[in-house]
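[1] Here is a sequence together with a model predicted from it:
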Amino acid sequence: MTSLISEITNWLLVADQTLMLFFNGMHNAFFDKVMWVISSKYFWVPFYVLLAFYFVRRLGWRRALVCILLIGLVVTLVDQTCSHLIRPIVQRMRPSNPDNPLSQYIHIVNDYRGGRFGFPSCHAANCFSLAILTAVFMRVRWLTATMFAWAVTVSYSRIYLGVHYPGDLLSGFLVASVYASAIGGLYIRYSHRPLPLPRFFRLPRSA
């Protein structure tokens, strides 16, 4: 049984490396610039602001505020879980890391190699957390499709830049699914209840 598990694990690792080399190998000067920008967290700040405004417009400011706070909670949890819990335990080197023998075959953009370990991908975990919770909170088909397409694109940019294996992205998606499904399930269960205003937001009654 142990040998079988070892064989399956080795096969998965080889397949992961093969897929990495295949997708990372499809590059050119134009997409080097595009993927570099897509992978930047700061580039998406205006997008997040517009999304927050849409939450308020569709749900009202009170319920939107609750949803935004829940998203912030989940993103924080998945980010910390990936970077401070799983990575130190698994310690899987990024493909771009100079100490990784595979790095000599990896296409690097702007000499960016990321940190030492990359399993799971925090980019993928954060993006899919936002996509899943947006789908749960908003229930708008076009927005759900847009958010998942965005999450997939950002995740792919990490392979393109050579800092993550496909398996890193998949594991990030799984971590996001666990947290987002749990919080989203609680939201669905209790969202029919009215949201009371904090006391300092309440207006005094007229005499």
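    On my side now, so go ahead.

[2] only C-alpha atoms for contact and neighbour calcs from this point on.
    Will do.

[3] Okay, now the unreliable bits of this protein?
    Within the chain, the segments meeting pLDDT under 70 span 1, 192-207.

[4] Where is the longest helix in it?
    The longest helix of the chain (DSSP state H) is helix 166-190.

[5] List the buried residues for that one?
    166-177, 179-181, 183-184, 187 (16 or more other Cα atoms under 10 Å).

[6] Stretch 34-41 now?
    Buried residues in stretch 34-41 (16+ other Cα under 10 Å): 35, 36, 38, 39.

[7] what's the closest non-adjacent residue to residue 17?
    Nearest non-adjacent residue to residue 17, counting by Cα to Cα, 6 or more residues apart in numbering: residue 165, 6.9 Å away.

[8] Quick check: residue 101 vs residue 95, distance?
    To residue 95, residue 101 is 8 Å away according to Cα to Cα, to the nearest Å.

[9] What ranges does the chain have for its helices?
    Secondary structure of the chain by DSSP H: the helices cover 2-24, 29-38, 45-59, 61-80, 87-90, 122-138, 141-160, 166-190.

[10] deepest of those, which one?
    With neighbours taken as mean count of other Cα atoms under 10 Å, these reach their highest mean count in helix 122-138, at a mean of 24.

[11] Name the residues that touch stretch 74-89?
    Here stretch 74-89 makes contact (Cα atoms under 8 Å, 6 or more residues apart in numbering) with 117-122, 125-126, 129-130, 172, 175-176, 179-180, 183.

[12] ok, so of those residues, who is nearest residue 60?
    residue 130 (18.9 Å; Cα to Cα).
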